[in-house]
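**Student:** Quick one, what's the 3D model for this:
(2 chains)
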Amino acid sequence: MEPVIFIRRNTAIAAPPLVPEISLHLATEITPIWHATEEILASGAVPPPFWAFAWAGGQALARYILDHPEQLAGRFVLDFGSGSGIVGIAAAKAGAASVLAADIDRFAAAAIAANAALNGVDIETTTSDVVGAADARWQVIAAGDVCYEQPMAGAVTDWLRSRARCGCLVLLGDPGRAYLPVDGLCERGRYVVPTSRELEDRDSREAVVWEVRGR
Amino acid sequence: MTPGDESIRATLTQPAERGEAGEDGADPSDIRQNDWVEHWLPAGARPYARLARLDRPIGTWLLLFPGWWGIALASPRWPNPTLLLLFALGAVAMRGAGCTLNDIADRDYDRRVARTRLRPLPSGAVSVRQASIFLLLQLAIGAAVLFSLNRTTILLGAAVLALIGTYPFMKRVTYWPQFFLGLNFNWGALIGWTAVTGALAGAPLLLYAGGVLWTIGYDTVYAHQDKEDDIRIGVKSSAIALGEHTRPWLFAFYAAAVLLWSIAGYAAGLGPVFWAGLAAATVQLAWQAARVRIEAAADCLRKFRSNRAVGWFMLFGIVAGHLG
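**Tutor:** Model prediction:
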């Protein structure tokens, strides 16, 4: 089935609580997405639908970007581990010259395109793995909630640092995930993000927007 | 010289004033008398309504349906009615623009063909300059509709303009202008999909490819009406290329269209009701291909127009296929 049909069938359009100006195709309690995906998951066809949720780190980063458009306006932005595309959409709304949303899940790529269209912004997508890539065009790399599992977090952190050393502004939104690096981070913003108990085991999470330093 | 040639020469050489409905009702002109355009529109607007073919909506329907299908194919629940309306407005404007451009390009040919001699340009009801301004106005309406959609759709919509510009001239260079018409007329399948989803995918491309074959089929039937005149004035068409072998080719074009549409429906995850709609469309297409009498112009026109039913069957199948 076309990914976008799966997405539209299993989500509802809603605004994440911290970023009400952005609408997304999101899983809700009434949409059967976990069940639907488990079936397809069992067949090995798709990864878990991370794109169907506005994660706390991504919401905080999107909020920060919308409130500080001067950080990205007119610049080339890479939204890494884009998921729903919330961070990339915020960057486009903040006036980024160009936004590339990278997520290795092709369902995420379809969700990002559908969400960008929903918000009337233009975002390019890629499903290739950009970790390790040294594309000099990227002036800003924004990554929301990418430190939730090893070994991905380690590889990603090393890569983000190397990009920061090359003069790229690297922003990381994180609600205290287990594999967040302990040093080389500079706090840029702090937000309380309303969450659901099903997803995060609590009603809210404090999420921090960090600038990753090259050291 | 065959009797057919003689009668064509007779109509071709009749003065325009006498080329109207005769006592026997055999009106060679495609401008109808006493229709709603004459009854309801002010005299100044009538030639423009004729340039845009508002009196002959079948072309608009055939342009609109692929767009509606594309929207519906991308919409697992009910398609967005505002989007459907926008596409309808765009189809009226762009079909009108296509016909106006065609009439501007063809004005010298049209003057020599009985069926087209009373059209607004050859008859002198509007000047080329007036027709050109009207063309720009319609393109502006089409552009306004397009620019209300998302970026991907705007870029795709702009891309088809190059194709639209080439079509009226294709019948001078190839026997398959119907193929180019199909490429144009079914573009809606792509932009209907992207207007909803923001990105192209396999399903709308299959829908589009099926639509191109459908158009080649129905426009070949349509072109059989003009075959003799076209040969005389040196214009090419698939009807001339296929001639007596048209029927098996019609079956082949329509069968390929149905095959591509069924893969599109499968790719979009449509449920069982889609197959009922597609089956109804298939029966309609098979009826056309089996029954059309290519030597009878009136029957060609009737079969051509009957393709609106295919549009409705498919639309019903896609919408209902998502719901059930």
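**Student:** Whichever residue of chain B sits closest to chain A: what's it in contact with?
**Tutor:** At 2.9 Å from chain A, B:G198 is the closest residue in chain B, using Cβ to the nearest Cβ. In short, each C-beta sits where N, CA and C put it, glycine included. B:G198 makes contact with A:A113, A:A114, A:N115, A:A116, A:A117, A:L118, B:N150, B:T152, according to Cβ atoms under 8 Å, 6 or more residues apart in numbering or on different chains.
**Student:** and if we set it to 6 Å?
**Tutor:** A:A113, A:A114, A:A116, A:A117, B:N150, B:T152 (Cβ atoms under 6 Å, 6 or more residues apart in numbering or on different chains).
**Student:** just B:W287 next, same as before
**Tutor:** B:W287 touches nothing, counting by Cβ under 6 Å, 6+ apart.
**Student:** Next: A:I86.
**Tutor:** With contact set as Cβ under 6 Å, 6+ apart, A:I86 has these partners: A:A54, A:G58, A:A62.
**Student:** top of those by neighbour count?
**Tutor:** A:G58 (34 neighbours; other Cβ atoms under 10 Å in any protein chain shown).
**Student:** Would you confirm that A:E2 contacts B:A203?
**Tutor:** Yes: counting by Cβ atoms under 6 Å, A:E2 touches B:A203, with 5.0 Å between them.
**Student:** Compare neighbour counts for the two and give me the winner.
**Tutor:** Neighbour count, other Cβ under 10 Å: between A:E2 and B:A203, B:A203 has more, with 26 against 20.
**Student:** Helix or strand: which one has the more buried one?
**Tutor:** If you go by DSSP states H and E, B:A203 is part of helix B:202-223.
**Student:** Now that helix: buried residues?
**Tutor:** B:203-223 (16 or more other Cβ atoms under 10 Å in any protein chain shown).
**Student:** need the next SSE after it, C-terminal direction.
**Tutor:** Downstream of helix B:202-223 (by DSSP H and E), the next one is helix B:227-233.
**Student:** Ramachandran angles for the closest residue in space to B:L205 that isn't next to it in sequence?
**Tutor:** Among residues not flanking B:L205 along the chain, B:L190 sits closest, at 7.2 Å (Cβ to Cβ, 6 or more residues apart in numbering or on different chains). For B:L190, the backbone dihedrals (degrees, to the nearest 10) come out as phi -80, psi -50.
**Student:** who are the neighbours in contact with the residue nearest to B:A105 when sequence neighbours are not counted?
**Tutor:** With sequence-adjacent residues excluded and distances taken as Cβ to Cβ, 6+ apart, B:A105 is closest to B:P168, at 4.2 Å. Residues counted as contacts of B:P168 (Cβ under 6 Å, 6+ apart) are B:L101, B:N102, B:A105.
**Student:** B:P168 falls within a helix, correct?
**Tutor:** Yes: assessed with DSSP: H, G, I helix; E, B strand; the rest coil, B:P168 lies in a helix.
**Student:** residues making contact with the helix holding B:A203?
**Tutor:** Taking Cβ under 6 Å, 6+ apart as the rule, helix B:202-223 contacts A:2, B:66, B:69-70, B:73, B:178-179, B:181-182, B:185-186, B:189-190, B:193, B:237-239, B:250, B:253-254, B:256-257, B:260-261, B:263-264, B:267-268, B:292, B:300, B:303-304, B:307.
**Student:** now swap in stretch B:115-133 and tell me
**Tutor:** So stretch B:115-133 is contacted by B:16, B:19, B:28-31, B:47, B:50-51, B:100, B:103-104, B:107, B:110-111 (Cβ under 6 Å, 6+ apart).
**Student:** near chain B, which residues of chain A?
**Tutor:** A:M1, A:E2, A:V4, A:I5, A:R8, A:R9, A:A113, A:A114, A:A116, A:A117, A:D122 (Cβ under 6 Å from any Cβ of the partner chain).
**Student:** Go again with 10 Å.
**Tutor:** Residues of chain A lying close to chain B by Cβ under 10 Å from any Cβ of the partner chain are A:1-12, A:85, A:92, A:109-123, A:125.
**Student:** If anything else comes up later, I'll come back, but that's it for now.
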